[in-house]
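> Structure of the sequence below:
(chains A, B, C and D)
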Number of protein chains: 2
Amino acid sequence: MDGPLDTRVTVRSAAATHTADCVVFGYAEGELRVLLVRRAVEPFLGHWVLPGGAMAETERLEETARRVLLELVGVRNLYLQQVATYSAPDRHPVRRVVTTSYYALVRPEQHQPTALGYLSEVRWFPLSEVPPLGFDHSTLLADAHARLILHLRTRPLAFDLLPERFTLTEAQGVYEEILGEGLDRRNFRRKLQTYDFLIETEEKRRGVRGGPVLYRVHVDRLRAQLQKNT
Amino acid sequence: MDGPLDTRVTVRSAAATHTADCVVFGYAEGELRVLLVRRAVEPFLGHWVLPGGAMAETERLEETARRVLLELVGVRNLYLQQVATYSAPDRHPVRRVVTTSYYALVRPEQHQPTALGYLSEVRWFPLSEVPPLGFDHSTLLADAHARLILHLRTRPLAFDLLPERFTLTEAQGVYEEILGEGLDRRNFRRKLQTYDFLIETEEKRRGVRGGPVLYRVHVDRLRAQLQKNT
DNA sequence: TCAAAAGTGTTCGGGCTACACCCATGC
DNA sequence: GCATGGGTGTAGCCCGAACACTTTTGA
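Predicted coordinates for the structure are as follows:
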């Protein structure tokens, strides 16, 4: 309660480090992917884990998460949602670390992630090829994905993963990849046509049969829509 | 990320106290209520706040929350869900405190809350009569209530707030109080009749016109149901 | 020209909503 | 006995699910 400890039980307050870890989702080549980093230091040297960093003195956790993402993929202003906080005393083998997880949606083609600091590698993994992660990060990833599915069912989030111009079939691919299930093309398109933030452009995608029409989003309307069902 | 800090930005890791604060909901006399405590120490001396406590060295935050609830209302094994984590650097006027909030559902008639330690008073407040709270607890309360509404729409949570025997009208009252809207009696009853964990007893409620029949829940079936849509 | 993907309407069923009358009990 | 709340069924609506053929374009 932000106050002195209760006196009935003698507890020593834990001086834990607090980190923000990011589950960064991206969509490329028809697959939902997640950004992982490889550790170059112990513990879990050589393991793949979620990118993250320690909360600084004057930061909120969300700011920590944004700072990490800026450093890692050089992107600001992306869609970021807190998922949960993990506090098992032994979740870090060396010292006490409490972690709050966030999920983020980015456009992979716009950003080249760079390994830095204590990392040896950064890579996009298709969700189905993610190896067992260090710490309890497999759990964080699963929880974040579950939360994303939940959110996607009530909010038009997929467009934060798509490039500026996209076809409806590509949009459907994003939905199918996140939800992990196939969707009916006509039902899907009818649903999208109810969104006032979708704008049909004059262009068609070249190099693909059928000559699909390209769409773009009216950014302000999309933002308004997203705020409505927060 | 549970690792050394990134090197590109020099951050000093914040040694924050971490607390678990509880938004304890109860239903009594036809009203949804929340359990608040009054502080007997600075800061916010005399203010009403959410009950909570600092995470101990060997505890997970959920255990902290359960410990607080055990001490405060003497109840184990209640329905407890993590809501969110709050980390604004200035949310506590004296020192840095990060707080993770939980909501809990209890049966007020079974427990007499007791003020202890640094508290001068403990009281159930009807949700509509909650005063402005100390710290940022008004926000935590609002967020927890919003989360409860969300959960109630997909899970049969109301029965964790009702006494062992209850009428369908009483159950409807709980739903209406949480959702903040009136429900159609017949539609509501039809919906409840689809739940296999509701058991009609032989008894009727005495002292109320109409002689409504009392129901109880099949605890195992309810637990099974709740786990299904976690 | 043919193979592949884009594009398009209608029907069906289930679940939610709205609505009115009789019955049991307390006062 | 009468006022209050308990108990019950049906019809419309909306949304999501299922489903097949024509058009466009690349190869």
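
> What is the strand ranked longest in chain A packed up against?
Counting residues, the longest strand found in chain A (DSSP state E) is strand A:17-28. Other elements packing on strand A:17-28 under the criterion 3 or more Cβ pairs under 8 Å, 6 or more residues apart in numbering or on different chains; DSSP states H and E are strand A:31-39, strand A:52-54, helix A:61-73, strand A:97-106, helix A:137-152, helix A:168-179. C-betas here are computed from N, CA, C, even on glycine.

> Next, the angle from it to strand B:17-28.
In terms of direction (axes from the mean of the first three to the mean of the last three Cα atoms, to 10 degrees), strand A:17-28 departs from strand B:17-28 by 80 degrees.

> Give the partner strands of strand A:17-28 in its sheet and their orientations.
strand A:31-39 (antiparallel), strand A:52-54 (antiparallel), strand A:97-106 (parallel) (DSSP bridges).

> re earlier: export the helices and strands packed on strand A:17-28 to JSON lines and tack on mean neighbour count?
JSON lines is the format used below for those (neighbours: other Cβ atoms under 10 Å in any protein chain shown):
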{"stretch": "strand A:31-39", "mean neighbour count": "22"}
{"stretch": "strand A:52-54", "mean neighbour count": "26"}
{"stretch": "helix A:61-73", "mean neighbour count": "22"}
{"stretch": "strand A:97-106", "mean neighbour count": "25"}
{"stretch": "helix A:137-152", "mean neighbour count": "18"}
{"stretch": "helix A:168-179", "mean neighbour count": "19"}
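
> Which among those is found nearest to residue A:120?
For the helices and strands packed on strand A:17-28, the distance to residue A:120 is smallest for strand A:31-39, at 4.9 Å, taking Cβ to Cβ.

> and that closest one, how far from the chain's centre?
10 Å (Cα atoms, centre = their mean, to the nearest Å).

> Equivalent analysis for stretch A:197-210, please.
Distance, centroid of stretch A:197-210 to centroid of chain: 27 Å (Cα atoms, centre = their mean).

> how far does that stretch stretch from start to finish?
24 Å (Cα to Cα, to the nearest Å).

> Walk me through the domains of chain A.
Domains of chain A are assigned by automatic domain parsing as A:17-152, A:158-228.

> Under the pLDDT cut-off, which ranges of chain A? List them.
Applying pLDDT under 70 to chain A flags the ranges A:1-14.

> residue in it nearest to DNA strand D?
The nearest approach of chain A to DNA strand D comes at residue A:211, 2.3 Å away (Cβ to the nearest atom of the strand).

> residue contacts, that residue?
A:204, A:205 (Cβ atoms under 8 Å, 6 or more residues apart in numbering or on different chains).

> mind checking how far it is from residue A:189?
Between residue A:211 and residue A:189 the distance is 16 Å, computed by Cβ to Cβ, to the nearest Å.

> Identify the residue spatially nearest to residue A:222, adjacent ones excluded.
residue A:197 (4.1 Å; Cβ to Cβ, 6 or more residues apart in numbering or on different chains).

> how much space is there between the residue in chain A positioned nearest to DNA strand C and chain B?
Residue nearest to DNA strand C within chain A (Cβ to the nearest atom of the strand): residue A:210, separated by 2.4 Å. In this structure, residue A:210 and chain B are 39 Å apart, going by Cβ to the nearest Cβ, to the nearest Å.

> now residue A:66
Residue A:66 is 12 Å from chain B, where distance means Cβ to the nearest Cβ.

> One more: residue A:224?
Distance, residue A:224 to chain B, by Cβ to the nearest Cβ: 20 Å.

> what sits against that residue?
Residue A:224 makes contact with residue A:197 under the criterion Cβ under 8 Å, 6+ apart.

> Where does it sit, in terms of helix or strand?
Using DSSP states H and E, residue A:224 falls within helix A:219-228.

> In that helix, which residues are buried?
Using 16 or more other Cβ atoms under 10 Å in any protein chain shown as the test for burial, helix A:219-228 gives A:222, A:225, A:226.

> Ok, stretch A:123-131 next?
Within stretch A:123-131, the residues that count as buried by 16+ other Cβ under 10 Å are A:124, A:125, A:130.

> Buried residues, stretch A:177-186. List them.
A:177, A:178.

> Is that stretch positioned near DNA strand C?
Yes. Judged by Cβ under 7 Å from any atom of the strand, stretch A:177-186 and DNA strand C are in contact via A:185, A:186.

> Run through who's touching that stretch.
Here stretch A:177-186 has contacts from A:25, A:27, A:30-32, A:127, A:148-149, A:152-153, A:158, A:169, A:172, A:175-176, using Cβ under 8 Å, 6+ apart.

> ok, residue A:85 - contacts?
Neighbours of residue A:85 in contact, by Cβ under 8 Å, 6+ apart: A:98, A:99, A:100, A:101, B:61, B:82, B:85, B:100.

> Return only those of those residues found close to DNA strand C.
The subset of the contacts of residue A:85 within reach of DNA strand C, by Cβ under 7 Å from any atom of the strand, is empty.

> Nearest to residue A:17 among the residues you listed?
Of the contacts of residue A:85, the one sitting nearest to residue A:17 (Cβ to Cβ) turns out to be residue A:98, at 7.2 Å.

> partner residues bridging that closest one?
residue A:18.

> start to end distance for stretch A:43-60?
With Cα to Cα, one end of stretch A:43-60 sits 26 Å from the other.

> ok, now how distant is the residue of chain A closest to DNA strand C from residue A:172?
From residue A:210 to residue A:172 the distance is 14 Å (Cβ to Cβ).

> same check, this time on residue A:130
Residue A:130 is 23 Å from residue A:172, by Cβ to Cβ.
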